[in-house]
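Novice: here is a sequence together with a model predicted from it:
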Amino acid sequence: MKKALITGANKGIGFETARQLLQHGYFVYLGSRDRQRGEQAAGQLRAEGYSQVEALHLDVTDSTCIAAARQALGQRTAVLDVLINNAGISGGYPQPALETPLHTFREVFNTNVFGAIEVTQAFCDLLRESSAPRIVNVSSGLGSLTLQNDPRWRFYAVKGGVYPASKTALNAYTIALAYELRETHFKVNAVCPGYVDTDFTDHLGDSSPSEAAARVLQAALLGPEGPSGQFFGQEVGTDRNPW
């Protein structure tokens with residue numbers, strides 16, 4: 001049975017992605033910063049009939065917690081097949097580039113960039129034991145420099161000094177990591193799940209968590225001929241909001 005770890009999985013896109021991976025026969029570890037909420041989320045999935053799920057206390061901004069989570073997971077499995085770096089925060093809007101406090105930049109980058117990097121580095125040894133390891137970094141079209149600089153883009157005016165920049169950095173890391181692992185069986189990609197109806201968007205999104213999770217799964221379930229180092233986003237070339 002293949003195994004997957006999802007960060008920020010106790011609600012929203014992460015939770016729905018877990019449900020869909022379970023439906024594909026995966027054993028899923030729900031990474032959650034809040035231990036109790038993680039256990040509640042796992043309990044909800046078990047109540048729905050999915051037995052192959054466990055909560056894993058994992059705060060991506062806490063190095064000690066990441067190390068403890070890696071040790072705990074290593075005691076449960078010697079192999080990890082999928083890592084989905086889903087945990088993320090927006091930092092709140094508006095985010096004027098000249099006025100947003102530096103501590104907001106640090107807070108957002110700690111979660112969206114450094115957290116994803118540290119988790120990837122911590123769990124990469126387990127991923128290397130898989131015959132088809134997959135890393136999916138949940139990103140955003142707002143991190144696309146091409147789209148952000150195109151006045152024809154529907155959301156050209158949706159600017160922010162913090163959140164978009166954090167996703168741009170995550171995209172750059174995705175490319176570098178994919179290149180570094182190009183001679184292996186790894187597939188490393190970034191995915192924009194869309195403008196999703198979750199707490200993250202104050203439920204203003206026009207896409208459901210189920211639809212968003214399906215987009216993430218496309219990258220998580222790539223076959224051996226699938227691409228690596230790519231950015232997948234439904235909004236590219238469309239009028240979708242790339243949150």
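Specialist: Nice, I can see it. Residues are numbered from 1 along each chain as shown.
Novice: longest single helix anywhere in this structure?
Specialist: Within the chain, and with DSSP state H defining each element, the longest helix by residue count is helix 163-180.
Novice: does anything pack onto it? Which helices or strands?
Specialist: helix 102-109, helix 116-128, strand 134-138, strand 187-192 (3 or more CB pairs under 8 Å, 6 or more residues apart in numbering; DSSP states H and E). For the C-beta atoms, the positions are set from N, CA and C on the backbone; glycine is no exception.
Novice: how about those in JSON lines, adding mean pLDDT?
Specialist: Below are the helices and strands packed on helix 163-180 laid out as JSON lines (pLDDT from 0 to 100):
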{"stretch": "helix 102-109", "mean pLDDT": "98"}
{"stretch": "helix 116-128", "mean pLDDT": "98"}
{"stretch": "strand 134-138", "mean pLDDT": "98"}
{"stretch": "strand 187-192", "mean pLDDT": "96"}
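Novice: want to throw the ones you listed into a markdown table with mean neighbour count and distance to residue 157?
Specialist: A markdown table is the format used below for the helices and strands packed on helix 163-180 (neighbours: other CB atoms under 10 Å; distance: least, CB to CB, whole Å):
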| stretch | mean neighbour count | distance to residue 157 |
| --- | --- | --- |
| helix 102-109 | 15 | 20 |
| helix 116-128 | 19 | 27 |
| strand 134-138 | 26 | 24 |
| strand 187-192 | 27 | 18 |
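Novice: other residues contacting the longest helix of the chain?
Specialist: Helix 163-180 is touched from outside by 85, 90-91, 93, 95, 105, 108-109, 112-113, 116-117, 120, 135, 137, 139-140, 142-145, 148, 186-190, 228-231, with contacts defined as CB atoms under 8 Å, 6 or more residues apart in numbering.
Novice: returning to that earlier point: residue 38: which of the helices and strands packed on helix 163-180 is closest?
Specialist: Closest of the helices and strands packed on helix 163-180 to residue 38 is helix 116-128, at 15.0 Å (criterion: CB to CB).
Novice: the closest one: how far from the chain's middle?
Specialist: Mean C-alpha position of helix 116-128 versus that of the full chain (CA atoms, centre = their mean, to the nearest Å) differs by 13 Å.
Novice: again, but for stretch 158-174
Specialist: 13 Å.
Novice: mind listing what's buried in that stretch?
Specialist: Neighbour-count burial for stretch 158-174 flags 158, 160-171, 173-174 (criterion: 16 or more other CB atoms under 10 Å).
Novice: now, which of those residues sits nearest residue 4?
Specialist: residue 174 (17.8 Å).
Novice: so where's the protein uncertain?
Specialist: Within the chain, the stretches with pLDDT under 70 are 195-207, 234-243.
Novice: tell me where it has strands.
Specialist: Here the chain has its strands, by DSSP state E, at 3-6, 27-32, 53-57, 82-85, 134-138, 187-192, 231-233.
Novice: just send those back as CSV, with distance to residue 39 too.
Specialist: What follows is the strands of the chain, written out as CSV (distance: least, CB to CB, whole Å):
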stretch, distance to residue 39
strand 3-6, 15
strand 27-32, 8
strand 53-57, 5
strand 82-85, 19
strand 134-138, 23
strand 187-192, 27
strand 231-233, 32
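Novice: any idea which of these gets closest to residue 71?
Specialist: strand 53-57 (10.9 Å).
Novice: so for the chain, the centremost residue is which one?
Specialist: Nearest to the centroid of the C-alpha atoms of the chain, with distances taken as CA atoms, centre = their mean, sits residue 86, at 2.2 Å.
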